[in-house]
Structures are given as structure tokens and as C-alpha cells.
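Engineer: Dropping the sequence and predicted coords here.
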Amino acid sequence: MNLVFTEAPGLLVWLASFCAVLLSLVVLLSANPVVSAIALMGTLFSTAGLYFLIGNYFMGSIQILVYAGAIAVLFVFIVMLLDLRPSLLRFIPGRKIYVASTGFAGGVLALFLLRVIWQQTTYANSAAINPDFQMTAQQISEHFVSKYQFAFQAAGLLIFGAILGAIVLARSHLKGEKQ
Amino acid sequence: MSLDLIQQTLLSNLNILWPILMALIVGAGVLTGVPIMVMVERWGSAWMQRRSGPNRVGPKGILQPIADAIKFAFKEENLPAKAHKWLFTLAPALAVLPPLVAFSVIPVAGSVNISGVEYPVQVADIKVSLLFLLAITSLHVFSVLCAGWSSNNKFSLFGALRSSSQMISYEIAIGICIVSLVITYGTLDLREIVRLQEAGSDFPAWGLFMQPLAFFILWVCSFAETNRLPFDLPEGESELVAGYHTEYSGFKFALFFMGEYAAMFTAAAFLATLFLGGYNIPFVSESALREFFLGHGLELTAASIATCLLQALSFVVKVFFFMWVFVWVRWTLPRFRYDQLMQLGWKTLLPLGILNVFVSFLLSFWRGL
């Protein structure tokens, strides 16, 4: 009987991880962009659930507030208005190259992630679930400007590049219409 | 398994069982409040418009909610021909879930003392409950968007777009007001905020007196967030039939209905917690109440439970005050035009909120000098 109570949080961790993986597969494999966007919300929500389960309520709340609540809403909003029919998306020129390169990059990333998880995981002895552990905003921002400064700046550059890319793509579309 | 062993197991695992018990009590409380509120709304509107209101089912029409529920349960479920089946089914569930989950971080009463340990009367007592509440309520948009898009109906889609842009706009004003509140209270913990508003026998130190402007803005925003009149454009009958839930019938529609009222309850509880002292009873502190009950021959556990019951009663009274104002406003004011709604949100409430943040920052800085 006692075992049920001590193991319950661990089971919830498995449930949240299962949901996150399943929903991210739906994001990738669904032919309907709206379903993908909603599943993305579900993935972010399950990840937030993982944060809650390791006792990091601040990160979990921020995850829901910023990603699931704001960014995913924008995704859904835009995708719904774009009228993207699955039949239109199937015939993008050079699709095979895109798929192959994305698959390769994703595979490499997944390999690194698995390595990190293998090395760092302390979940196995279930001691990682510590309800007293609560990371504050101050601690997180201190990490940003000290230990993880390079990653922080690199992520900023990456987003900057993505914004530039989006503008270039939109501009080329406009030029094509003028001709 | 003997009775002793069961009792021992329950006591030793109380830290896990307590939240489950609280979830059952709070969830049942909110879901029981919904039919009561529906009756209050129908009686209230009838009273304001000099009609009779529901008066046929049971004495004074008091069994009307049960009749409504039976009717909802037995109505035919309608699935439009080109609707997206999964999302169409998912949307009503998403309408009920966020308000109920958000209620889990709202402190309903003080704490109960069981064998020396204080258990807070709240489902989840977390340090960042204010942030959590904001985060969860922002998910309410998804049900509206899902419902509107998956119905494959122009009226539904228009209703969903109106509703979601309205909710997103007013969420910004809410966020700004929360910033000024956090400056005043210095914490994101709702239980701590309620404790700070406890003044004992002095004049109540409610948030209403510390942040009157934030209270006003949040109150107006709560009408827009719950899609109630005067901001119920997503459901404007004369333009959009019924907005995003036009295509829903039977129990799925009932879920949207329940979701709307549950969201009102959450908004009312949110306002009561932040501005009306939460579960505090004016002029009486929690320790004084407990002392009173201990002095009348109750044990510590029984005394703390009695204190909590009184505090929960005070909380429910405050929540129902706000719920009544929701009803009152709905049957008094006409609907805004859409541009007026957006102007109010972006050009009036948001600048006022930012001004309020500046003033509260300067005041707290002045006090700290």
C-alpha cells in the first residue's frame, strides 16, 4: 500500500514524458497544420508538467505562460487563417533534400541529448523529485549571465538569423508577385 | 488489512492524500456552484426585467438546473458533416479544464492542524501560484479556437477569432496590473498575499485600498476574459448566431456553458483573493479565531477545522459578491462595438495599468528609502 504512494510521482513523470513524446510525433507526422499546432501546445504543456513534477514550478509556469499560452496561440491563429490544405503542402520543390537534412540534424541532436540524459539522469533513484527545490527567477538569470552565457548569446543569434530568414522569404514572395 | 493499519497508512501518506482530498472538495464546490449560479442568473435577470423567471419545476422553480441537466444529457449530439472530428470533441473538454485547474492554487481557507502538521486548505500550495494562475487561464483561448475552427462554420470561426483576439488583448492589461500588485506585495505566492492582507482587529489591509486602480482594471478585464457582457462580442446573437459554439448541442454545449461559469468563478476567486483579503474575516485574525475555539473546549484539530470552515464561508461570500456583479452588469449594460472594445483595452486600460506600475514603483521606492 505504501509503495503506491511513494511511486506515484515517478509514474506521473513517465506519463508526462510519454505524452510529450507522443504529441511531438503528432506535430511532425500530422498532415493537418492546425492539428500540428494544437499538438505542439500539448507537447509544451507536457514538458511544463515535467518541470512541475521535479518541483520547479517557476519554470513550468513560465513554460505554459510564454510558450503554450502565447507563442502556440499565435501559431494556431496564423495557421488557421492561412488555409493550408494538406494537398498543397505535399508538393514543395526539393522536399526530399529538406526532409533528409532535417532528419540528419535531428538525429545528431537526439544523439547528443540521449548522451546528456544518460550521463546526467538522477531520476533513476527517484531522488530528483524534491518538492523543496524551487528555482527562483534570480537564480535563473544569474545562470544566464554566468555559466550559460555562451548558450544564451548563441540562442539569441540563432533567433536573429531566423527572423532575417523569415523576412528574406517574405520579400522574395513579394517580388515574385510584382513580376 | 486491519482498520489500524489502514489508518496508519492514511496518516503516514497524508502529504499525498491531502491534495487529492482538497481537489475533490474544491472541484465539487466549483461544479456545484455552476448550477446555483445559473439559477441566480436566471432569477436575477427576471427580477431586473420584471419577468417571472423559472418557476415551474419544483417549488419556486428550484429544480430547474436538474431539468436543464437532464435535457442536455438526452439531446442529440450533432457532428457537422465537414467538421474536424477530434478537435470538435476536444474543444469542450478544454473549455472546462483550465478554470478548474486554475482554481487549484487559490487558497480557500487557512490551515488544518493534523497531529502537529499544518495542512493548507488549498489543492497545491506552490510558491509561484500567481504566475501559475495566469499561465493556466491563458490556455482558455485554445478551446475557443479549436471549437471555432473545427466546426467548419463561418460564424463559429468569426466568433473564435473575435474571442481569442479579445482575450489576448486583455491578458496584457491583466499582466501589467499583476506587476504592480507584485511590487506592492513583494511575492507571487497567493497564500502569502492573503496573509499580508490579514490585519487582525485593525481596519482590513485589503488590496482594494492599496491598489484601487489595479483593482478596477482587473475587474473590467475579468469581464472581457470570461466573454461576459458588455464584452460578449464572440457570442453576439444578432451577428454570429452563437459564436464559436454555434454547432454544438447536447452535453458538449453543456460543457461550454459550465466552462464559462467555472471561468467566472475562477475570476471572482482571483479578485477576492487579491483585493478583498481572500479567506480573511475582517477584524478577526486566524489565530484569534483558533484561540476562541480552543477556549471553548475543542481540540486543536477540531478548532482548526472550525476556523477553516468559517474562513471558507467568508471566501464564498466574497466570491458570490463578484458573481452577483457579473450577473448585475450583464442585465444592465448593452454590448460594446468591437472597435470600442479594442480601444478600451489598448488605449485606456493598458496605459492606465502602466501608469499604475510607475506609481506603485515610486511609492514602494519611497517607502524603502
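Structural biologist: Good, I have the coordinates. Residues are numbered from 1 along each chain as shown, chains lettered A, B, ... in the order given.
Engineer: C-alpha only now, for contacts and for neighbours.
Structural biologist: OK.
Engineer: how far away is the residue in chain A that chain B sits nearest to from B:L349?
Structural biologist: Nearest residue of chain A to chain B (Cα to the nearest Cα) works out as A:L65 at 4.2 Å. Distance, A:L65 to B:L349, using Cα to Cα, to the nearest Å: 21 Å.
Engineer: same deal with B:L87?
Structural biologist: 34 Å.
Engineer: Tell me the buried residues in the helix or strand bottoming out on mean pLDDT in chain B?
Structural biologist: The weakest-scoring helix or strand in chain B, judged by mean pLDDT, DSSP states H and E, is helix B:237-240 (a mean of 74). Buried residues in helix B:237-240, counted by 16 or more other Cα atoms under 10 Å in any protein chain shown: B:L240.
Engineer: Over to stretch A:52-69?
Structural biologist: Residues A:52-65, A:67-69 are the ones in stretch A:52-69 that count as buried (16+ other Cα under 10 Å).
Engineer: if we can go back for a sec, right, and the helix or strand after the least confident helix or strand of chain B?
Structural biologist: helix B:250-275 (DSSP states H and E).
Engineer: From the contact counts, what lies against that next one?
Structural biologist: helix B:14-48, helix B:64-74, helix B:85-102, helix B:190-196, helix B:207-210, helix B:212-225, helix B:300-330 (3 or more Cα pairs under 8 Å, 6 or more residues apart in numbering or on different chains; DSSP states H and E).
Engineer: mean confidence for the fifth one?
Structural biologist: What that stands for is helix B:207-210. The average pLDDT for helix B:207-210 rounds to 83.
Engineer: Put the alpha carbons of that helix into PDB.
Structural biologist: Taking C-alpha atoms only, helix B:207-210 is exported to PDB below (Å, rounded to 0.1, in the frame of the first residue of the first chain):
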ATOM      1  CA  GLY B 207      -5.500  45.100  -1.700                       C
ATOM      2  CA  LEU B 208      -8.600  47.100  -2.700                       C
ATOM      3  CA  PHE B 209      -7.300  50.000  -0.500                       C
ATOM      4  CA  MET B 210      -3.600  49.500  -1.500                       C
END
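Engineer: what comes up buried for it?
Structural biologist: B:207-208, B:210.
Engineer: Please state the offset of the least confident helix or strand of chain B from the chain centre?
Structural biologist: Once both centres are worked out by Cα atoms, centre = their mean, to the nearest Å, helix B:237-240 turns out to sit 27 Å from its chain's centre.
Engineer: now stretch B:67-78
Structural biologist: 26 Å.
Engineer: helix/strand/coil for B:L79?
Structural biologist: Here B:L79 is coil, with the state taken from DSSP: H, G, I helix; E, B strand; the rest coil.
Engineer: Distance-wise, check it relative to B:W149.
Structural biologist: Counting by Cα to Cα, the gap from B:L79 to B:W149 is 14 Å.
Engineer: The two: who's more crowded?
Structural biologist: B:W149 (29 against 15; other Cα atoms under 10 Å in any protein chain shown).
Engineer: That one belongs to a helix?
Structural biologist: Yes. Looking at B:W149 with three-state DSSP, it is inside a helix.
Engineer: That one reaches B:F155, doesn't it?
Structural biologist: No. B:W149 is beyond contact range of B:F155, at 10.0 Å (criterion: Cα atoms under 8 Å).
Engineer: List of residues touching stretch B:181-189?
Structural biologist: Outside stretch B:181-189, the residues that touch it by Cα atoms under 8 Å, 6 or more residues apart in numbering or on different chains are B:126-131, B:193, B:196, B:210-211, B:214, B:360-361, B:364.
Engineer: quick one: secondary structure of B:S52?
Structural biologist: Assignment for B:S52 (three-state DSSP): coil.
Engineer: And the pLDDT at the spatially closest residue to it that is not a sequence neighbour?
Structural biologist: In this structure, B:S52 finds its nearest non-sequential neighbour in B:A46, 5.7 Å apart by Cα to Cα, 6 or more residues apart in numbering or on different chains. Here, the pLDDT recorded for B:A46 equals 89.
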